[in-house]
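**Student:** return atomic coordinates for the entry below.
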Amino acid sequence: MLWFQKAHIDKRPMNYLYSEGKNIILMDNETYEQIEVPVSHVEWEMNFIKEGSTVKVRMYKDEILDIEIEDTVTLEVIEAPDAVKGNTTTTHKRK
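**Tutor:** Residues are numbered from 1 along each chain as shown. All right, here's what the predicted structure looks like:
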């Protein structure tokens, strides 16, 4: 029978500072250490974080497993396609 040790996963709060080429730069809130994370590892999350946002980084030893974004974010819609006639979310009542 094989026995495995439990992996100790650290969950650290970090601030997203900026993007630099194919990496994003995060800063550990406790040690102020800056780390680089490849954008390819966090492509989906990048849709919801902006500079200065706090994320939680899950790490095993020095390897970043993933980042967890906040449950709610405030974003501004800058561009949206034009509305199409008849494509509404409310129903019209006819009398």
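**Student:** low-scoring stretches of the protein, by residue?
**Tutor:** Low-confidence segments of the chain, defined by pLDDT under 70: 86-95.
**Student:** the longest strand in it is where?
**Tutor:** For the chain, the strand that runs over the most residues, judged by DSSP state E, is strand 9-20.
**Student:** next structured bit after it?
**Tutor:** strand 23-28 (DSSP states H and E).
**Student:** is V55 bridged to anything, and to what?
**Tutor:** According to DSSP bridges, the residues that bridge with V55 are M14.
**Student:** find the residue at the geometric middle of this protein.
**Tutor:** For the chain, the residue sitting closest to the mean C-alpha position, by Cα atoms, centre = their mean, is E45 at 3.3 Å.
**Student:** got phi/psi on that one?
**Tutor:** Backbone torsions for E45, taken as degrees, to the nearest 10, come to phi -60, psi -30.
**Student:** next: N47.
**Tutor:** Recorded main-chain torsions at N47 are phi -70, psi -20, according to degrees, to the nearest 10.
**Student:** distance between the ends of stretch 28-40?
**Tutor:** By Cα to Cα, to the nearest Å, the extent of stretch 28-40 from end to end equals 20 Å.
**Student:** list the buried ones in that stretch?
**Tutor:** Residues of stretch 28-40 classed as buried under the neighbour-count rule (16 or more other Cβ atoms under 10 Å) are 35, 37. From N, CA and C alone the C-beta is placed, and that goes for glycine too.
**Student:** what's the answer for stretch 57-74, then?
**Tutor:** In terms of neighbour count (16+ other Cβ under 10 Å), stretch 57-74 has its buried residues at 57, 59, 64, 67, 69.
**Student:** any idea how far the residue nearest to the centre of the chain lies from Q5?
**Tutor:** With distances defined as Cβ to Cβ, to the nearest Å, the gap from E45 to Q5 amounts to 29 Å.
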